[in-house]
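Trainee: my questions concern the predicted model and sequence given below.
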Amino acid sequence: MGFLDKAINNTKASIDSGSSKFNEKVEVEKLESKVRDKKREIDDLCKEIGHETYELAIDKDNAHQQKIEENIKKIKEAKEAIEGYEKEIEEIKAKGKEERENIKAEAQAKNEEADKQ
């Protein structure tokens with residue numbers, strides 16, 4: 001009976017571990033998508049800053065300076081958001097790793113218990 005119990009425990013642990021990894025990947029992908037979106041936003045803002053700088057040099061209108069400052073503020077906010085997303089990604093990965101280690105430890109404990117029977 002011990003062999004069958006071990007096989008069941010190992011199968012369950014593999015399924016649980018795979019499910020944990022899948023859920024982790026889904027959450028990480030969502031956040032990585034947000035990071036990519038923010039990076040694109042930063043690129044667009046940098047291009048707009050370049051355009052506004054050119055316009056400022058040509059016509060000396062202070063409205064361009066205000067737009068430049070607004071875009072710089074938006075870039076700083078986007079960079080802060082990216083840092084937050086990257087921190088979340090690391091936390092999710094650490095939590096997933098811990099969860100899978102717990103699943104493995106639990107399966108090993110059940111297998112040792114099955115060996116004793």
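Mentor: Nice, I can see it.

Trainee: what's the single longest helix in the protein?
Mentor: Secondary structure of the chain read by DSSP state H shows that its longest helix is helix 2-59.

Trainee: same for the helix or strand that that one is followed by, what does it pack against?
Mentor: Reading on from helix 2-59 to the C-terminus, the next helix or strand found by DSSP states H and E is helix 62-116. For helix 62-116, the contact count by 3 or more CB pairs under 8 Å, 6 or more residues apart in numbering; DSSP states H and E identifies helix 2-59 as packing neighbours. The way it works is simple: take the backbone N, C-alpha and C, and place the C-beta from them, glycine included.

Trainee: for this structure, which spans come out with low pLDDT?
Mentor: Applying pLDDT under 70 to the chain flags residues 1-3, 5-6, 117.

Trainee: repeat the analysis, applying 90 as the threshold.
Mentor: For the chain, the stretches flagged by pLDDT under 90 are 1-23, 60-62, 96-97, 99-117.

Trainee: center of it - which residue?
Mentor: What sits nearest the mean C-alpha location of the chain, by CA atoms, centre = their mean, is residue 89, with 3.1 Å.
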